[in-house]
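**Student:** Any chance you could fold what I've pasted below:
(chains A and B)
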Amino acid sequence: MSKAPRRLRFGLTVVALELAVVVLGPLWLPDPNAIVDPRGAGLLPPLSRVLVVSLQDDTSLAGSEIARTPDGLLLRRGSSWEKVPENLVVSVKPRWYLLGSDALGRDVAARLVKAGQISLSVGVLSLALAVTLGTLVGMAAGLGPRFLDRVLMAFVDAALALPLLFVLLAASAFLRPSLGTVVLMLGFFSWMGVARLVRGQALLCREQPWFLAAKGLGLKPLRLAFVHVFPHVLTPLTTDATLRLGDLILLEAALSFLGFGVPPPIPSWGSMAAEGFEVWRLAFWLPVFPGFAVALSVLAFATIADGLGELARGERLEGSPA
Amino acid sequence: MTARLIRRLAASIFVVWLVASGTFFLVALTPGDLASKMGDPRISPAARQRLREHFGLDRPIWQRYSSWLAHAVSGDLGDSFLFRRPVREVLAQALPNTALLACWGLFLELALGLALGLVQAYKPHSFWDRLLSGLSLAAYAMPAFLVAAVLLWLLAYTFPVFPPSHMAEPQALGLSFWGRLAETARHLALPALTVGLTGCGAVARYLRGSLLDEKRQAYMLAALARGCSKRRALLLHALPNALLPMITVLGLSLPFLVSGSLVVEVIFSWPGMGQVFYAAVTARDVPLIQAGTVLVTAAVVAGNWLADVAYSWADPRMRG
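**Tutor:** Here you go, the predicted structure:
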């Protein structure tokens, strides 16, 4: 096979673009937490332009139009014209809202990018934790004594049946909310699938002649597991982890949506959607944008996982020209 | 075979016990006890002491644990602080509503997933396969709140066909039986559709894969060689075999269904387990959180076990 599958290239491109936006976006976008006059600049639709009038007392007003009349300077805030104290005006600057603004007049595009940094890093960190724990347990179960395997796998099977969101919510009711807590909780509750996969691969390796040879050489179990068996686990593990990253992002979004994820004021896609849901009748796009961001990321990671799986099998299904 | 099922049952009961104990100790070992959690910080020390005695918090933890477990096993789950009623009543009221939503959500999920998967597997790599594969993947990737936001905007606001929340309007109490049924169905539409749409992608993806596996089997070639039409071979020969492992997959996806309907219930104010549980967690209503977690876990684990039983009954290779 000369070229990577098309799906893999598509997924990698989307992830690369998303990372570029999330990392470089803040250079051009305004401060995500800056509150701008909610009455004049709140709940604006995408691609809106407002005039921000800065006053001497460091406050600012926003409106759609400004006009000089015999009565003085008038600013159109929301639906009414209001008088601006002209002697206090420092500057009048236009400002664009690429994806509109939320109820407090904060820039949705900037918040979406900031939330992306949070949501993606929470996903990656909790994935790292889950993969580490899962690999350790899986290796112990697959290469260790038989009773250990039975006990660990009975536990893993059982834990896989847990209604994750309920358990996570119950746990977060009694834990102090923080970024670290969310990462730890997500990681601690999602290593079981990894453990199962690693254990299966380790059991396959155990049957191979090279394993017997390595064992016959008297290698220590840790060296056997991580130098000899681990490379064979790596390929399916990568595919599985990519798919799992998408699931973790979805789970984090659900948790934050319910208000038990990353605590405010740190934005996350889920909490942005929750804030948007409070005003969905006035601005239906507010929950939709973060939803799209989540969907796009999960989609990208799922296509990468598909492509990697295809690559690993070394075959195109039914020899299609795709 | 029976031995395996019994072993699985024992493991399931073990998990439920583990989760129950986990929630108990999580609550018991977090700083600040129930009396300070439920009450006003301005309560006098004497009153707080009375509360502690009332809830048995002055006893050592092992005594509390054993008496809590004994009560829970006999069905006495304590009183909810939030609803000021026995936890059992609160949950008994919510459970049927969740079951209703989950059943219809699951039905829609399966119907949509089956249709999508079948069309995709009929002619793999064709235009329709690619389009629907993309759509299934998108459905899998979408968080429930995105689907809900779009549905709400489209079908409750722009074209107000369905009500946006709750199970019935207040005036529905005066309606006849059929009127109430229609009212519930109207309110059920959007939440059930959200559950179905978010779940159908995974079903379709799985079914497409297993149908393509079945299509490569020798019996399919034999069927086509006998002059069986492609459609008939797919529907009557490949589908039953591809559906068999779906039983296990459905059992395994039960936790996701239940977790998913939690978000959906909160969005649509559907008065089920998810919403009650969410309210309990928000209000730190300890007895309700404990009982809710245990009950939902038990339901999911039982569903899993039943899927196992159904599978061993449906697959002749598992008998004997």
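
**Student:** pLDDT below threshold where in chain A?
**Tutor:** A:1-3, A:314-322 (pLDDT under 70).

**Student:** which stretches of it form helices?
**Tutor:** Listed in chain order, the helices of chain A (DSSP state H) span A:6-28, A:38-41, A:108-143, A:146-160, A:164-172, A:179-188, A:192-206, A:209-216, A:221-223, A:230-257, A:269-277, A:285-313.

**Student:** Give me the helices and strands touching the longest one, please.
**Tutor:** What that stands for is helix A:108-143. Under the contact criterion of 3 or more Cβ pairs under 8 Å, 6 or more residues apart in numbering or on different chains; DSSP states H and E, helix A:108-143 touches helix A:6-28, helix A:146-160, helix A:179-188, helix A:192-206, helix A:230-257, helix A:269-277, helix A:285-313. (Glycine included, C-beta is placed from N, CA and C.)

**Student:** List just the one of the ones you listed that sits closest to chain B.
**Tutor:** The minimum distance between chain B and the helices and strands packed on helix A:108-143 falls on helix A:285-313, with 2.7 Å, by Cβ to the nearest Cβ.

**Student:** Return the set of buried residues in that closest one.
**Tutor:** A:285-311 (16 or more other Cβ atoms under 10 Å in any protein chain shown).

**Student:** Then stretch B:9-21?
**Tutor:** By 16+ other Cβ under 10 Å, the buried positions in stretch B:9-21 come out as B:11-12, B:15-16, B:19-20.

**Student:** Closest one of the residues you listed to A:Leu160?
**Tutor:** Nearest to A:Leu160 out of those is B:Val15 (Cβ to Cβ; 9.8 Å).

**Student:** Would you double-check that the closest one falls in a helix?
**Tutor:** Yes: counting by DSSP: H, G, I helix; E, B strand; the rest coil, B:Val15 is found in a helix.

**Student:** Next, the contact list for the spatially closest residue to it that is not a sequence neighbour, please.
**Tutor:** Ranked by Cβ to Cβ, 6 or more residues apart in numbering or on different chains and with sequence neighbours excluded, the top spatial neighbour of B:Val15 is A:Ala158, at 3.7 Å. When contacts are counted by Cβ atoms under 8 Å, 6 or more residues apart in numbering or on different chains, A:Ala158 touches B:11-12, B:14-15, B:18, B:301.

**Student:** domains for chain B, by residue range?
**Tutor:** Chain B is divided into the following domains under automatic domain parsing: B:2-73, B:95-318.

**Student:** Could you give the average pLDDT over the first one?
**Tutor:** Put plainly, it is domain B:2-73. If you average the pLDDT over domain B:2-73, you get 76.

**Student:** B:Asn292 is in contact with B:Ala279, isn't it?
**Tutor:** Wrong residue type there; residue B:292 is Gly, not Asn. No: using Cβ atoms under 8 Å, B:Gly292 is not in contact with B:Ala279; the gap is 10.0 Å.

**Student:** neighbour-wise, which of these two wins?
**Tutor:** B:Gly292 (28 against 16; other Cβ atoms under 10 Å in any protein chain shown).

**Student:** Which secondary structure state does the nearest residue to that one once chain neighbours are set aside sit in?
**Tutor:** In space, and not counting its chain neighbours, B:Gly292 is closest to B:Phe277: 4.3 Å by Cβ to Cβ, 6+ apart. Here B:Phe277 takes the helix state, with states given by three-state DSSP.

**Student:** Contacts only, for B:Phe277.
**Tutor:** A:166, A:169, B:262, B:288-289, B:292-293, B:296.

**Student:** Going through these, which ones are buried?
**Tutor:** Among the contacts of B:Phe277, those scoring as buried are A:166, A:169, B:262, B:288-289, B:292-293, B:296 (criterion: 16+ other Cβ under 10 Å).

**Student:** ok, these vs B:Leu193, which is closest?
**Tutor:** B:Leu262 (16.7 Å).

**Student:** mind checking pLDDT for the closest one?
**Tutor:** Value for B:Leu262, per-residue pLDDT: 90.

**Student:** that older thread, pick the most buried one from the helices of chain A.
**Tutor:** helix A:269-277 (a mean of 26; mean count of other Cβ atoms under 10 Å in any protein chain shown).

**Student:** for A:Ile66, what are its contacts?
**Tutor:** A:51, A:53, A:73-76, A:84, A:92.

**Student:** which of the residues you listed has the most neighbours?
**Tutor:** A:Val53 (25 neighbours).

**Student:** Greatest separation within the buried residues of stretch B:9-21: which pair is it?
**Tutor:** The most distant members of the buried residues of stretch B:9-21, if one measures by Cβ to Cβ, are B:Ala11 and B:Ala20, lying 15.0 Å apart.

**Student:** what number of residues lie near the closest residue to chain A within the stretch 101-250 of chain B?
**Tutor:** The stretch 101-250 of chain B approaches chain A most closely through B:Leu146 (2.7 Å), counting by Cβ to the nearest Cβ. By other Cβ under 10 Å, 25 other residues sit near B:Leu146.

**Student:** can you tell me which residues contact it?
**Tutor:** With Cβ under 8 Å, 6+ apart, B:Leu146 has these contacts: A:273, A:287-288, A:291-292, A:294-295.

**Student:** ok, it to A:Arg281 distance?
**Tutor:** 17 Å (Cβ to Cβ, to the nearest Å).

**Student:** The closest residue to A:Leu169 other than its chain neighbours: what's it in contact with?
**Tutor:** Excluding the flanking residues, the one nearest A:Leu169 by Cβ to Cβ, 6+ apart is B:Val281, at 4.8 Å. Contact analysis of B:Val281 by Cβ under 8 Å, 6+ apart lists A:169-170, A:172-173, A:260, B:289.

**Student:** on that earlier part again, give me whichever of the domains of chain B is most buried.
**Tutor:** Mean neighbour counts for the domains of chain B (mean count of other Cβ under 10 Å) peak at domain B:95-318, with a mean of 19.

**Student:** Run the chain-centre distance for it.
**Tutor:** Computed by Cα atoms, centre = their mean, to the nearest Å, the chain-centroid distance of domain B:95-318 equals 9 Å.

**Student:** again, but for stretch A:235-252
**Tutor:** 11 Å.

**Student:** I'd like the next helix or strand past the helix or strand hosting B:Ala182.
**Tutor:** Per DSSP states H and E, B:Ala182 falls inside helix B:177-215. Using DSSP H and E, the helix or strand that follows helix B:177-215 towards the C-terminus is helix B:218-225.

**Student:** Quick one: mean pLDDT for that following helix?
**Tutor:** Across helix B:218-225, the average pLDDT comes to 91.

**Student:** Which residues does that helix contact?
**Tutor:** B:214, B:230, B:232-233, B:237-238.

**Student:** Next up, the contacts around the closest residue to A:Thr242 other than its chain neighbours.
**Tutor:** Leaving aside its chain neighbours, A:Thr242 sits nearest to A:Ala305 (4.1 Å; criterion: Cβ to Cβ, 6+ apart). A:Ala305 makes contact with A:11, A:239-240, A:242-243, A:246, according to Cβ under 8 Å, 6+ apart.

**Student:** Contact residues of the stretch 151-300 of chain B facing chain A?
**Tutor:** B:152-153, B:157, B:212, B:252, B:254-256, B:258-260, B:262-263, B:266-267, B:277-278, B:281-282, B:284, B:289-290, B:292-293, B:296-297, B:300 (Cβ under 8 Å from any Cβ of the partner chain).
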